[in-house]
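**Q** Output the structure for:
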Amino acid sequence: MELRQLRYFVRIVETGSMGHAAADLDIGVSALSQQMTRLENELSIRLLQRTSRGVVPTSAGLAFYSQAQLAIRHADDAILAAREARLSGHVSVGMPPSTASVLGIPFISAMQQNYADVRLHLVESLSGNLARMIATRQLDLAVVFQQEKKPRWSASPILEERLFIIGTPALLANVAEETIAPAQLADIPLIMPSAGHGLRSRLEAICQEHSMAVNIVAEIDGLTLLMNAVRAGLGATLQPGAAISHLSNAPLRVIGVHNPILSRPNFLVSLNDSELTPAALAARVLLSKTMRQLVHAGAWPGATLYGN
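**A** The predicted model follows:
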């Protein structure tokens, strides 16, 4: 038995008409009739009787009607109490730098609008560091690029990000096209995060797939300094669309990588539901929703949602 079936039944009795009740409930008459048939079958009792004047409750239906009204009032009171009880507490969320550049402010704003009494602790760090912080219970949630198979973790793939080569026009002068093949990365001096970083691991996997070596001229584990070095012409970098979104008027070329297209997944990971507070559970839903909204709005360059 479902709460909506009780609401349907009560409205039918109140209006005395299946058609009027269906109009009030904004559903089809056939669908409403099917719900009542299921309810009666579940109870093994005839609740409604059709007459020339409409629909009237049977004697069992009248008894059921008074109790259904009471159940609905209790349910409505519970819903109201839940809505009026302001969620509070503390939640820690981790994001890699490139992700935070797109997701950070919208997520903070969404938390303030929806859960003003929840204290948000936002950590910006490398994907591998965030995974370790989840494992040691320093974070409740995090966006990471590699799915760790941990028995006490929850991990959901949210989106896939395309990767691009970014560099000054002078440094990339020998690249005539606006797209390159992965093998051409070997000819470009690169500035990348250090080994163990999710993006560096993706590059190493590309090198292994294509049996090639790349020229890493510098390792920088900070997005701001890394992009400043790229702007200075010290090397190019392989970054996702999120890093591109804040280039504004920077005189840099952005070159796609094709055949195959290079990308990386974004996983939303957390502790198991049983270990998360109500505040953390609510924040996880809102974080996923915010990520999806940014992609739908075209505010996350190069990102596509899984399942789309």
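**Q** Can you list the strands that the longest strand seen in the chain pairs with?
**A** Taking DSSP state E as the criterion, the chain has its longest strand at strand 153-167. Strand 153-167 pairs in its sheet with strand 237-240 (antiparallel), strand 253-257 (antiparallel), strand 263-271 (antiparallel), strand 303-305 (antiparallel), by DSSP bridges.
**Q** and for the last one, what are the contacting residues?
**A** Where contact means C-beta atoms under 8 Å, 6 or more residues apart in numbering, the residues beyond strand 303-305 that reach it are 158-162, 240-242, 266, 292, 294-296. Backbone N, C-alpha and C define where each C-beta goes, glycine included.
**Q** so residue 226 touches residue 220, yeah?
**A** Yes - judged on C-beta atoms under 8 Å, residue 226 makes contact with residue 220 at a distance of 4.1 Å.
**Q** Report the set of residues contacting both of those two.
**A** 191, 193.
**Q** Comparing those two, which residue is more hemmed in?
**A** Set residue 226 next to residue 220 and count neighbours by other C-beta atoms under 10 Å: residue 226 wins out with 24 against 19.
**Q** quick one: average confidence on the strand or helix carrying that one?
**A** According to DSSP states H and E, residue 226 maps onto helix 223-231. Averaging pLDDT along helix 223-231 yields 89.
**Q** helices or strands up against it?
**A** With contacts defined as 3 or more C-beta pairs under 8 Å, 6 or more residues apart in numbering; DSSP states H and E, the packing partners of helix 223-231 are helix 97-114, strand 153-167, strand 189-192, strand 237-240.
**Q** Show me which residues of that helix are buried.
**A** By 16 or more other C-beta atoms under 10 Å, the buried positions in helix 223-231 come out as 223, 226-227, 229-230.
**Q** And for it, what's in contact with it?
**A** Against helix 223-231 from outside (C-beta under 8 Å, 6+ apart): 97-98, 101, 166-168, 191, 193, 218, 220, 235-237, 243, 247, 250-252.
**Q** Which ChimeraX command selects the buried ones in those?
**A** The buried residues among the contacts of helix 223-231 can be selected in ChimeraX (16+ other C-beta under 10 Å) with this line:
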select :97,98,101,166,167,168,191,193,220,235,236,237,243,247,252
